[in-house]
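Asks: Give me a 3D structure for the following:
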Amino acid sequence: MRSLVALVRHPERRRPGPAPLKVDLRVTILVGMAIWAVAMVVTGVLAAVDVVAWRVPTVCAAGLGLGVVALAWERKHRIEYRGD
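Replies: The predicted model follows:
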């Protein structure tokens, strides 16, 4: 077994890393956005009955907004990460 010091001093001797997986990020992003949407509805109801503060559904709305940004990024960079 190679020592850690030898691997740090000679990185060219390391085994190559695995190839990146080709995945569809749209599905992952949309699932995340759906979870944020459900959380926003639930926390919105809870905020309406004064169980939680209104900043909690606002955080969920921010999550949805970031999901929209992520979808835009995914569309722009789809060819780079998937090779389509």
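Asks: Can you find the helix or strand in this structure with the smallest mean pLDDT?
Replies: Using mean pLDDT, DSSP states H and E, helix 4-9 stands out as the lowest-scoring helix or strand of the chain, at a mean of 81.
Asks: Other residues contacting the helix or strand following it?
Replies: Scanning the chain past helix 4-9 towards its C-terminal end, the next helix or strand to appear is helix 25-48 (assignment: DSSP states H and E). By CB atoms under 8 Å, 6 or more residues apart in numbering, the list of residues contacting helix 25-48 from outside reads 52-54, 56-57, 60-61, 63-64, 67-68, 70-71, 74, 81. For the C-beta atoms, the positions are set from N, CA and C on the backbone; glycine is no exception.
Asks: got the CA positions of helix 25-48 in CSV?
Replies: The C-alpha coordinates for helix 25-48 follow below in CSV (Å, rounded to 0.1, in the frame of the first residue of the first chain):
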residue,chain,number,x,y,z
LEU,A,25,-30.2,17.4,-13.6
ARG,A,26,-33.6,18.7,-14.6
VAL,A,27,-35.3,15.8,-12.8
THR,A,28,-33.3,16.4,-9.6
ILE,A,29,-33.9,20.2,-9.7
LEU,A,30,-37.7,19.7,-10.3
VAL,A,31,-38.0,17.2,-7.5
GLY,A,32,-36.2,19.7,-5.2
MET,A,33,-38.5,22.5,-6.3
ALA,A,34,-41.6,20.3,-5.7
ILE,A,35,-40.4,19.6,-2.2
TRP,A,36,-39.9,23.4,-1.6
ALA,A,37,-43.4,24.1,-3.0
VAL,A,38,-45.0,21.5,-0.6
ALA,A,39,-43.0,23.0,2.3
MET,A,40,-44.1,26.5,1.3
VAL,A,41,-47.8,25.5,1.3
VAL,A,42,-47.5,23.7,4.6
THR,A,43,-45.6,26.5,6.3
GLY,A,44,-47.9,29.1,4.7
VAL,A,45,-50.8,27.4,6.4
LEU,A,46,-48.9,27.2,9.7
ALA,A,47,-48.0,30.9,9.4
ALA,A,48,-51.6,31.8,8.7
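Asks: That concludes my questions; thank you for your assistance.
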